[in-house]
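Enquirer: Generate a structure from the sequence data that follows.
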Amino acid sequence: MRLSLPSDQLVLQQLTEGRNTAANIAAEVDRSRNYINQRMPQLYDYGLVIKVGPVEGTGLYEITPKGVATLRLIDDYEEGSEFENRVEDRAELIEVGPPEIIDRGAGQS
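Expert: Numbering: from 1, shown residues only. So this is what the prediction gives:
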């Protein structure tokens, strides 16, 4: 996974507050809508966010357990498999469900 910091971190933080559209996220994180529209598919490909309906193609996104784990471990980010393995391990301890995030690994790095 190749993150674009701090923008991706800001997007993930925004999504911890709940589902949102790329346009709203762009306004909240003070980035251009075009830039966020380019980053969201990348974050989706990494498994950090999912697109949610009810209508396909609406551009409504939600953070995944892997996205929460990435955010929790972001201070140790470096591109490569070691970081990704740590994220995968941490993601197993996280459940995302409206309206809250349950992180059984809270307090762990």
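
Enquirer: gap between the two ends of stretch 90-104?
Expert: By Cα to Cα, to the nearest Å, the extent of stretch 90-104 from end to end equals 9 Å.

Enquirer: Give me the buried positions along that stretch.
Expert: Neighbour-count burial for stretch 90-104 flags 90-91, 93-94, 96, 101, 103 (criterion: 16 or more other Cβ atoms under 10 Å). All C-beta atoms are positioned from the backbone trio N, CA, C, and that covers glycine.

Enquirer: who touches the least confident helix or strand in the chain by mean pLDDT?
Expert: Least confident helix or strand, the chain: strand 100-103 with a mean of 76, by mean pLDDT, DSSP states H and E. Here strand 100-103 makes contact (Cβ atoms under 8 Å, 6 or more residues apart in numbering) with 16, 63, 68, 72, 93-96.

Enquirer: what does stretch 9-29 give?
Expert: 3, 7, 31-33, 35-37, 39-40, 43, 48-49, 52, 58-63, 67-68, 70-71, 74, 98-99, 101.

Enquirer: of those, buried ones?
Expert: Of the contacts of stretch 9-29, these count as buried by 16+ other Cβ under 10 Å: 3, 31, 36, 39-40, 43, 48-49, 60-63, 67-68, 70-71, 74, 101.

Enquirer: before we move on, the earlier item: could you pick out which of the contacts of strand 100-103 are located in strands?
Expert: 63, 94-96 (DSSP state E).

Enquirer: which of those sit farthest apart?
Expert: Within the ones in strands among the contacts of strand 100-103, two members stand farthest from each other by Cβ to Cβ: 63 and 95, at 11.6 Å.
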